[in-house]
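>>> my questions concern the predicted model and sequence given below.
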Amino acid sequence: MNENYKRYNDTVSSAFSELVRKDELVVKKTQNITSLLADNAKTVLHFGFGPVAVGLAAAGYTVHIADATDTHGLASFNPDQRYDAVIALDEYFTFAASEDEQNKLIDTAFDLTKKMLITSLSDYKNMSENHREFSDPQSYKTINGTVAYLERHIKQSRNSWQTKIHKILETDECITTGPFERRSLYFKQLARHAEDFGSKQFEFQKSMMYKGMLRKSYEHIIMIRF
């Protein structure tokens with residue numbers, strides 16, 4: 001579906017697999033999402049593999065995975081199924097090379113859910129210049145020692161950029177993946193798109209934030225109901 005994000009998620013999946021203490025991270029990253037789902041969903045489509053997918057499965061939701069090279073034992077996406085909820089974190093909809101591609105990603109996700117979509121976005125309108133160039137770095141204790149991740153963003157045009165991930169090992173060796181094509185998506189832009197698609201509610205979670213696996217930068221959580 002989204003090969004650009006799928007390649008990015010390979011690094012997320014690898015980072016999660018190498019962690020020494022996975023359980024704490026799963027609980028921390030999943031609790032806000034489960035509070036939004038509550039009893040309103042049983043089947044969930046999660047874009048990419050990561051701690052939230054693991055946490056939702058452990059909480060009893062039927063979780064299917066899309067846009068991941070390895071689902072790590074969770075069920076794969078079924079294109080003939082419509083899900084109670086679609087989860088698109090890590091700014092999933094920004095992994096697009098053009099506006100047309102981005103719109104298609106959003107439409108596809110909307111079409112796959114019967115009730116709600118939960119996604120995350122940064123505030124691109126008010127983002128500082130340094131965060132436009134680099135995300136806040138993240139580090140973990142892993143089976144291979146302490147590993148740090150740094151996302152570098154290379155501007156292409158006013159609303160598009162490329163992201164490269166620098167994985168810095170304890171030996172100071174640096175492994176770079178990418179570039180991944182990205183495109184800005186603004187809150188009002190997504191809200192209009194949801195309204196055009198027939199959404200009943202667009203909720204900007206003021207008291208809830210999300211941090212991805214590869215950075216400490218906060219993302220805003222948005223829930224759209226249909």
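Here it is on my side, so go on.

>>> just the helices in the chain please.
3-17, 22-37, 51-58, 99-111, 129-133, 187-196 (DSSP state H).

>>> can you dump the C-alpha coordinates of the third one into PDB?
C-alpha atoms of helix 51-58 as PDB (Å, rounded to 0.1, in the frame of the first residue of the first chain):
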ATOM      1  CA  PRO A  51       4.900  -1.400  20.300                       C
ATOM      2  CA  VAL A  52       1.300  -0.100  19.900                       C
ATOM      3  CA  ALA A  53       0.400  -3.000  17.700                       C
ATOM      4  CA  VAL A  54       1.800  -5.400  20.300                       C
ATOM      5  CA  GLY A  55       0.000  -3.700  23.100                       C
ATOM      6  CA  LEU A  56      -3.400  -3.700  21.400                       C
ATOM      7  CA  ALA A  57      -3.100  -7.400  20.600                       C
ATOM      8  CA  ALA A  58      -2.200  -8.100  24.300                       C
END
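
>>> what packs against it?
Packing partners of helix 51-58 (3 or more C-beta pairs under 8 Å, 6 or more residues apart in numbering; DSSP states H and E): helix 22-37, strand 43-47, strand 62-66, strand 83-88. Backbone N, C-alpha and C define where each C-beta goes, glycine included.

>>> quick one, which of the helices of the chain is nearest to Thr142?
helix 3-17 (8.0 Å; C-beta to C-beta).

>>> the closest residue to Glu18 other than its chain neighbours bridge partners, please.
Once flanking residues are discounted, Glu18 sits nearest to Thr142: 4.0 Å by C-beta to C-beta, 6 or more residues apart in numbering. Counting by DSSP bridges, Thr142 forms beta bridges with Leu19, Gly145.

>>> quick one: residues contacting Thr142.
When contacts are counted by C-beta atoms under 8 Å, 6 or more residues apart in numbering, Thr142 touches Glu18, Leu19, Val20.

>>> pick the most buried one from the helices of the chain.
Of all the helices of the chain, helix 51-58 carries the top mean neighbour count, a mean of 22, counting by mean count of other C-beta atoms under 10 Å.

>>> and the angle for that one with helix 3-17?
70 degrees (axes from the mean of the first three to the mean of the last three C-alpha atoms, to 10 degrees).

>>> need the helix or strand of this structure with the lowest average pLDDT.
Of the helices and strands making up the chain, the lowest-confidence element is helix 129-133, at a mean of 80, by mean pLDDT, DSSP states H and E.

>>> what residues does that helix touch?
Helix 129-133 is contacted by residues Ser122, Arg152, His153, Lys155, Trp161, Ser217 when judged by C-beta under 8 Å, 6+ apart.

>>> my guess is Glu84 contacts Val44. True?
Actually, residue 84 is Asp rather than Glu. Yes - with contact defined as C-beta atoms under 8 Å, Asp84 counts as touching Val44 (6.8 Å).

>>> who's more crowded, the two?
More neighbours surround Val44 than the other of Asp84 and Val44, with 25 against 17 (other C-beta atoms under 10 Å).

>>> for the more buried one, list each beta-bridge partner.
Beta-bridge partners of Val44, as defined by DSSP bridges: Val63, Ala85.

>>> could you measure it against Ile154, distance?
Look at Val44 and Ile154: by C-beta to C-beta, to the nearest Å, they are 33 Å apart.
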